[in-house]
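Q: Pasting the sequence and the predicted model now:
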Amino acid sequence: MKINILVLLFALISNYAFSSEASTIRYATCPNVNLDATTIINKINTLASQLKTSESDYCSSLSEKILSLNDIINNQTWKDAKNSLKGNNLANLEGSQIESLSGLTEKASSLLSETISSLASDESCLPKKNKESFLANMSTVVREVSSTAGNISGPYGFAVNLGGSLLSGAISGIDKILSKNRFKFKDHEQELLFLNQYCAYAEIQKDISDFISTPNRLDEIDLLEKYLHVKIKDLRDNCVECDAYYLAHMQRKKIERIEHKIISSANLIPLGDDQNSKTYTRCKEIHRFIHTDTSPLAELISLYENYENPLLSNSNKELIEDIVLASKEFQKSQERFPKLSKCIMLPLKQKVKISMEFNSLIRDEILPLKDEVFTFHMNTLLYVMDVKKYKDPLGEYTSNSIARVRWMEHQRNENRTKIKDPNFEISVGKIIETNEKLKRRINERFLPQYFKFLLRSNKRGITNLKQAISKYSRQNNIFTNNNNSSLKNSLLKKVHLSLEKEMSKTKLIQRLCLFDQYMLNSSPKKYKYCKQAISKLKSRYKSLSKQYPKLPIEVDRLFKKEKIESYQSSRVSEFSNLIQNWNQRGDSRWCLKREVYKAQNTQQPNYCKTEN
């Protein structure tokens, strides 16, 4: 049995409508029915099965493309990103999280855009009888991807392009296949199809805006890097553990670069393949790595030998000394690893034996040294800073700031490459053109039609509700002012359910108006229409509440004004005062935990007592 979409929407918005929380929200969520990953995957499977795969190999290939979306939606990275979008918060992810998510989102966007574009050009694969049902399911999947592409940003709200511009083609394709100038909103599937199209269109606006504004990203990167470098310097100057962590990180970064050289040039055999290497000889590699002063191994050993860190443990110092000493012994003695001229003259069996020892030395002893010296040490420093010593999480501040600087460097290169593309301006123009067409269709034609449908439906619903209440009150006297236990009877429950349905329509209208304003696409005409419509609705409920005071209607809360923040303007500019805010905290940034002062037998400063 199909459930009216408005009943489902009430479940989504009822807590929101009557919440006792403050009215300020981070951003406006597009009104629609929330679906979990399982439901999305089921819709993908349904889509694939609905295509006429028996008609041609072409249809079968489209079906396979659709099914490949399952792997993306079911990926743990995707699930984590979707979980971070729950509630009223934009997801500000770190660089490593975005890099793993970016590939998934762009792949999903491309698959959808290519598939829908193909179907729009040739509809022979589409089911004739269930065409609108197919499009409703397809629009649900597009909306799932668009909500990720449109609401994910980097550290401090930094813009990240995740394929939203590709999705505009998918939305246009669905609109082209549909070929409608008017939706029949009374039909559940058509209403769902419109809401999916509207939300998908709305949610990719940020991503499209970010893509068009790519040249501005370089200025934003400079702004954020300036803040991060100031913060890192302050942390290092005032926190010895922060300085130790920074030194360890920078040295590990240098060592990682050398390790890549070693792995690529030493022809190492992976662990587990040792027994399959009876003809494994590496005389050239042994000579170059052991007996050449400028080899990658010599560079690596030099980095360890010259590494200085005020908090390096004695055990790590001894470990480094042992490795450095052993490497020098190898160079002096040619018995274990002979030079090239001697090595090539040895019998094959002996050459293989020496080569395998060389392989094990590099793979099992030299390369793992990084984790033993740095990874454990850095994790220990984080634990001391964030758990044991400081009031603020200085370890988290340090590690995040370092990682963000590194990510910003990557973003600078990406944006420069994008801007230098000779087709960048052409792409921008095409995206703007496609988006304007969608705006005229979805936001300027269909959205006002949907507003009118909801208002008419709500007016009829309240009229019917009044008639039902009058009928029931005459029969049972349950809505008069006198106290009557029959308020809990089944008749009241039926009336209450009808009231909830009408309030859900009301809240949906408010949400749509709010979201339209939030997107910065609201025309003066539409803004005026929304204001008048909400005023009419409020009058209806005031009249209803006055006539039947026992009805559970809190008009002021139902029409509570909400403050919103737009995501169409640059988010990074909001953080231009970060340096000032950071400096204003002064010495309170370096406060220790109360128990640390007590253990040191020192007085806790007053600013540390009051600082949160």
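A: Structure received. Residues are numbered from 1 along each chain as shown.
Q: Quick check: the gap between residue 48 and residue 40.
A: 13 Å (Cβ to Cβ, to the nearest Å). C-beta: built from backbone N, CA, C; applies to glycine.
Q: wait, I meant residue 417
A: Distance from residue 417 to residue 40, by Cβ to Cβ: 33 Å.
Q: Which one of these two is surrounded by more residues?
A: Higher neighbour count among residue 417 and residue 40: residue 40, with 21 against 10, using other Cβ atoms under 10 Å.
Q: after the helix or strand harbouring the more buried one comes which helix or strand?
A: Residue 40 belongs to helix 37-50 when assigned by DSSP states H and E. Going down the chain from helix 37-50, the next helix or strand is helix 57-67, by DSSP H and E.
Q: what angle separates whatever helix or strand residue 138 lives in from helix 57-67?
A: Secondary structure assignment for residue 138, by DSSP H and E: helix 131-151. Per axes from the mean of the first three to the mean of the last three Cα atoms, to 10 degrees, the angle that helix 131-151 makes with helix 57-67 is 40 degrees.
Q: now the angle between helix 37-50 and helix 131-151, please.
A: Using the same axes, to 10 degrees: helix 131-151 against helix 37-50 is 140 degrees.
Q: can you give me the offset of the helix or strand just after helix 131-151 from its chain's centre?
A: Sequence order places strand 152-153 as the next helix or strand after helix 131-151, per DSSP H and E. Computed by Cα atoms, centre = their mean, to the nearest Å, the chain-centroid distance of strand 152-153 equals 5 Å.
Q: could you dump the helix or strand following strand 152-153 to CSV, C-alpha only?
A: The helix or strand immediately downstream of strand 152-153 is helix 164-178, counting by DSSP H and E. Output in CSV follows, covering the C-alpha atoms of helix 164-178 (Å, rounded to 0.1, in the frame of the first residue of the first chain):
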residue,chain,number,x,y,z
GLY,A,164,28.0,18.6,-8.9
SER,A,165,28.5,20.1,-12.4
LEU,A,166,28.2,16.6,-13.9
LEU,A,167,25.0,16.0,-12.0
SER,A,168,23.3,19.0,-13.7
GLY,A,169,23.4,17.0,-16.9
ALA,A,170,21.7,14.0,-15.1
ILE,A,171,18.9,16.3,-13.8
SER,A,172,18.5,17.8,-17.2
GLY,A,173,18.3,14.3,-18.7
ILE,A,174,15.5,13.2,-16.4
ASP,A,175,13.6,16.4,-17.2
LYS,A,176,14.1,15.8,-20.9
ILE,A,177,12.8,12.2,-20.7
LEU,A,178,9.9,13.3,-18.6
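Q: Go through helix 164-178 and flag the buried ones.
A: 164-175, 177-178 (16 or more other Cβ atoms under 10 Å).
Q: For residue 68, give its distance to residue 544.
A: In terms of Cβ to Cβ, residue 68 sits 51 Å off from residue 544.
Q: Comparing these two, which shows the higher neighbour count?
A: Comparing residue 68 with residue 544 by other Cβ under 10 Å, the one with more neighbours is residue 544, at 19 against 15.
Q: Might you calculate how far whatever helix or strand that one lives in sits from the centre of the chain?
A: Assigned by DSSP H and E, residue 544 falls within helix 524-547. Centroid displacement of helix 524-547 relative to its chain, using Cα atoms, centre = their mean, is 37 Å.
Q: For residue 365, grab the count of nearby residues.
A: Counted by other Cβ under 10 Å, the residues lying close to residue 365 total 12.
Q: Please apply the same query to the one 10 residues further on.
A: Look at residue 375: counted by other Cβ under 10 Å, it has 13 neighbours.
Q: What of residue 537?
A: Around residue 537 there are 25 residues (other Cβ under 10 Å).
Q: Return the residues in contact with it.
A: Neighbour list for residue 537: 455, 458, 506, 509, 559 [criterion: Cβ atoms under 8 Å, 6 or more residues apart in numbering].
Q: Quick check: chain neighbours aside, which residue is closest to the fourth one?
A: Using Cβ to Cβ, 6 or more residues apart in numbering and skipping residues adjacent in sequence, the residue nearest residue 509 is residue 454, 5.2 Å away.
Q: And the last one, by the same measure?
A: Nearest-residue entry for residue 559: residue 538, 5.1 Å, with adjacent residues in sequence omitted and distances by Cβ to Cβ, 6+ apart.
Q: How many residues are close by that neighbour?
A: 16.
Q: One more: the one 4 residues further on?
A: For residue 542, the number of neighbouring residues by other Cβ under 10 Å comes to 14.
Q: what's near enough to touch it?
A: Residue 542 touches residue 555, counting by Cβ under 8 Å, 6+ apart.
Q: Residue 59 too?
A: So residue 59 contacts 51, 52, 53, 124, 125 (Cβ under 8 Å, 6+ apart).
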